[in-house]
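Participant: Predicted coordinates and the sequence they were generated for:
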Amino acid sequence: MEPLPSLLPSLLSALQAVDAATVDQEYSVVRSQTLLLKKEHGLTTEAGSLKENVKKNRYKDILPYDQTRVVLSLQAPASDYINASFIQGASGACSYIASQGPLSSTLTDFWRMIWQHSVKVIVMACRETEMGKRKCECYWAAPHQSAAFGPFTVTTQVELRPNEDIVVRTLTVSYQQETHSVMQFQYLSWPDHDVPYETHGVLDLLERARSSRGADSSPVLIHCSAGCGRTGVICALDYIHDLLVTKRLTEDFSILKIVLELRRQRPSAVQTRDQYQFIFSAVISMFERFLQTSGDELYCNLPEVRRREKKSSAAAASADRSSKKATMNDTYAVVNKPKQPTRTTSEPAYSSVAIPRSNPGSRTLPPPHHYDNDIGGASAAPIYSSVKPRVKPQTLPLAASAIYDIATPAREGSDYHLVSAEPPSAVDDDYEDVSSSVSDVSSFFSPGGIGFNCRIQKPKGPRDPPAEWGRLER
C-alpha cells in the first residue's frame, strides 16, 4: 500500500477533479446496483411488513433488511421489532445503528435499543418538526427535568448551543436503579431531502461526537426522520474519517463503493443525488483539514509544501494585480490629490479620484478638480461641496421658502442627511420673483401662483416709453 502522505494529496486532487456529470453518472450506478445487491445477498424486509409492525414504521417504503435489523430482546415483549439497522464501520465491527426517528408509539422501544446496546453517543440529523410535518418525537426531557418512557427515566442534565447549528445535550437514563450517561448531538441546519449549504458544520458535528465517544466501542446511534438519507451521509463521512485516521486509505478508494456497502445494510442510505454530491464536498474538506492540521511525523515535509504553495500563490496574485493594473490604465485616469495635513477623524479618508477617460470624438473633459478645499496648508474641511439654492421669494413664509436642500453631517462620524437650506441673502439680478396674491401660501403651487417656483425672467435692455409720454398737451 502506498504511504498515506503521498497518497492523500493524489486522492484529494482526484476528488477535486470530479465534475457534476461524473456525480450524476455514479449516482445512477448506485441506484441500479442497489437492486442487484438485494438479489445477490437475498435481502428481505419480512419483519417490517408484518401486520403488527406496520404501524411502527414512519414510512412504509423504508423497512430494515431482516439480515441487518436490530432485534430487541430487553423485557421480551410481544414484538422484537424496531425500524433500525446495524452498519459495519471501517474496522469491520458494528460501529453504527441507523434508525428512523421514533414515533410516539415506539419511544419505549427506542430507549430499549439504546439501553440494550449500551449506546453512549446519539447523532440526530433532523429537527422534531420540519416544513410543518412531525419528523421525530422528542425522546428527551426539557433542561434540568426528567421524563418517563415506559420503565426508563430520562433526565436532561445539560443543554448547550455551541453554535447556531448544533445542540448538545447530556442525558442520563435510569432503568431498575441503574443509570447510564448518553450524549446527544442534534444538527439543526440540515433540510429534509436536501443538504447543508456548507460542509464545515457537519464535520464539526462529527468531530464533537467522536471526541465524546473516545475509546468506547459501543455503536453510535445515528438517526434522522427515515433513517436513510441524512443518516447514510453521516455514516459514510464517519466511515471515511476512520479510513483516514487509521491509514487504511488505498489507491482504489471509492465513495461509490462505500455508499453501495451502506445500502447493502440499510435501505436507501444516501437517498438523493445532492446528498451523494455533498459527500464528495465534505470529504474534500476533510482531507484538506487533515493535511493542514495533522501533527503526525509522517507529514514533516508538509511545511515545505506549504511554503512552495504560498510562493506560487503570491506570484500568481502579483501577476494578477499587474494584469488588473494594466487593464485599469487603459480605462481610467487616476488623479492623485496633493498630500494633505493630518486628518481629523471626522474627515473622509479619500486620497484619489478615478475619472473615466473620454472616448475619441467626445467633448474634452474639464481640468481635474480637487475637492480638498486646502488653502494655505490649513486643515482640510470636509471634501463634499454644497450647492447653494437660487434666491427664494422674500414674501413666502420661511417654512415654504426652503425649496432646495443641502447635505450636511448630523454629527461627527455620522451619515449625511438632508436639512433645509438657509434663506439666501443676495438678490439674483437675472430673475425676479412674482408673489402670489394669496397671503396664506401652503405650497409652491398654491392658487394665484403663475407656475414653477413663481419666477419669470426679466426683460433684457431698455423698455420703450408708453405712448402717452409722446403726446403733446394742448
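Facilitator: That came in fine, so what should we check first?

Participant: contacts, neighbours, all on C-alpha from now
Facilitator: Fine.

Participant: Contacts only, for Arg266.
Facilitator: Applying Cα atoms under 8 Å, 6 or more residues apart in numbering, we find Arg266 in contact with 64-65, 68, 85-87, 98, 228.

Participant: again, but for Phe278
Facilitator: 195, 199.

Participant: Average pLDDT for the helix or strand harbouring it, rounded please.
Facilitator: Assigned by DSSP states H and E, Phe278 belongs to helix 273-293. Helix 273-293 shows a mean pLDDT of 94.

Participant: again with stretch 205-224
Facilitator: 93.

Participant: And the contacts of it?
Facilitator: Stretch 205-224 is contacted by residues 94-101, 114, 117-126, 135-136, 166, 183, 185, 187, 230-231, 234-235, 238 when judged by Cα under 8 Å, 6+ apart.

Participant: Out of these, list just those in strands.
Facilitator: Using DSSP state E, the members of these that fall in strands are 94-99, 121-124, 166, 183, 185, 187.

Participant: quick one: the residue nearest to Gln271 when sequence neighbours are not counted and Ser268, what's the gap?
Facilitator: Excluding the flanking residues, the one nearest Gln271 by Cα to Cα, 6 or more residues apart in numbering is Gly229, at 4.3 Å. For Gly229, the distance to Ser268 equals 7 Å [Cα to Cα, to the nearest Å].

Participant: hang on, the earlier thing: using a markdown table, lay out the contacts of Arg266 together with distance to Ser79, secondary structure and pLDDT.
Facilitator: Shown next, in a markdown table, are these (distance: Cα to Cα, whole Å; DSSP: H, G, I helix; E, B strand; the rest coil; pLDDT from 0 to 100):
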| residue | distance to Ser79 | secondary structure | pLDDT |
| --- | --- | --- | --- |
| Pro64 | 15 | coil | 98 |
| Tyr65 | 16 | coil | 98 |
| Thr68 | 17 | coil | 97 |
| Ser85 | 16 | strand | 98 |
| Phe86 | 18 | strand | 97 |
| Ile87 | 22 | strand | 97 |
| Ala98 | 19 | strand | 98 |
| Cys228 | 23 | coil | 96 |
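
Participant: May I ask which two of those residues are separated the most?
Facilitator: Thr68 and Cys228 (13.8 Å; Cα to Cα).

Participant: So between these two, which is more surrounded?
Facilitator: Cys228 (28 against 19; other Cα atoms under 10 Å).

Participant: list the contacts for that one?
Facilitator: Cys228 sits in contact with 98-100, 266-271, where contact means Cα under 8 Å, 6+ apart.

Participant: helices or strands up against the biggest strand by length in the chain?
Facilitator: Assignment by DSSP E gives strand 152-163 as the longest strand of the chain. Contacts defined by 3 or more Cα pairs under 8 Å, 6 or more residues apart in numbering; DSSP states H and E place strand 152-163 against strand 146-149, strand 166-175.

Participant: Deepest-packed of these, please.
Facilitator: strand 166-175 (a mean of 19; mean count of other Cα atoms under 10 Å).

Participant: Just give me the closest of the contacts of Cys228 to Asp192.
Facilitator: Scanning the contacts of Cys228 for proximity to Asp192, where the rule is Cα to Cα, the winner is Gln271, at 10.3 Å.

Participant: Is the closest one in contact with Asp194, as I believe?
Facilitator: No. Gln271 is beyond contact range of Asp194, at 9.4 Å (criterion: Cα atoms under 8 Å).

Participant: which of those two has more neighbours?
Facilitator: The residue with more neighbours, out of Gln271 and Asp194, is Gln271; 21 against 15, by other Cα under 10 Å.

Participant: Spit out the contact partners of that one.
Facilitator: With contacts defined as Cα under 8 Å, 6+ apart, Gln271 is in contact with 193, 228-230, 232.

Participant: how about it, phi and psi?
Facilitator: Main-chain torsions, Gln271, degrees, to the nearest 10: phi -90, psi -20.

Participant: Flag the shaky bits of the stretch 1-150 of the chain, pLDDT-wise.
Facilitator: 1-5, 75-78 (pLDDT under 70).

Participant: One more pass at 90, please.
Facilitator: 1-6, 73-79, 91-94 (pLDDT under 90).

Participant: Strands of that one, residue ranges please.
Facilitator: Here the stretch 1-150 of the chain has its strands, by DSSP state E, counting those that start in this stretch, at 69-71, 81-88, 94-99, 121-124, 129-130, 133-134, 146-149.

Participant: Quick one: closest of the ones you listed to Glu52.
Facilitator: Comparing the strands of the stretch 1-150 of the chain by Cα to Cα, strand 81-88 comes nearest, at 9.4 Å.

Participant: elements contacting that closest one?
Facilitator: Secondary-structure packing of strand 81-88 (3+ Cα pairs under 8 Å, 6+ apart): helix 46-49, strand 69-71, strand 94-99, helix 255-265.

Participant: Packed most tightly, which of the ones you listed would that be?
Facilitator: That would be strand 94-99, which, of those, has the most neighbours on average (mean count of other Cα under 10 Å), namely a mean of 24.

Participant: Contacts for that one, please.
Facilitator: 70, 83-89, 217-224, 226-228, 231-232, 235, 266.

Participant: Using PDB, list the CA coordinates for it.
Facilitator: Taking Å, rounded to 0.1, in the frame of the first residue of the first chain, the C-alpha atoms of strand 94-99 are listed here in PDB:
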ATOM      1  CA  CYS A  94     -20.600  -3.000  14.200                       C
ATOM      2  CA  SER A  95     -20.000   0.700  14.500                       C
ATOM      3  CA  TYR A  96     -23.400   2.300  13.800                       C
ATOM      4  CA  ILE A  97     -27.100   1.900  14.400                       C
ATOM      5  CA  ALA A  98     -29.000   3.600  11.600                       C
ATOM      6  CA  SER A  99     -32.500   4.300  12.900                       C
END
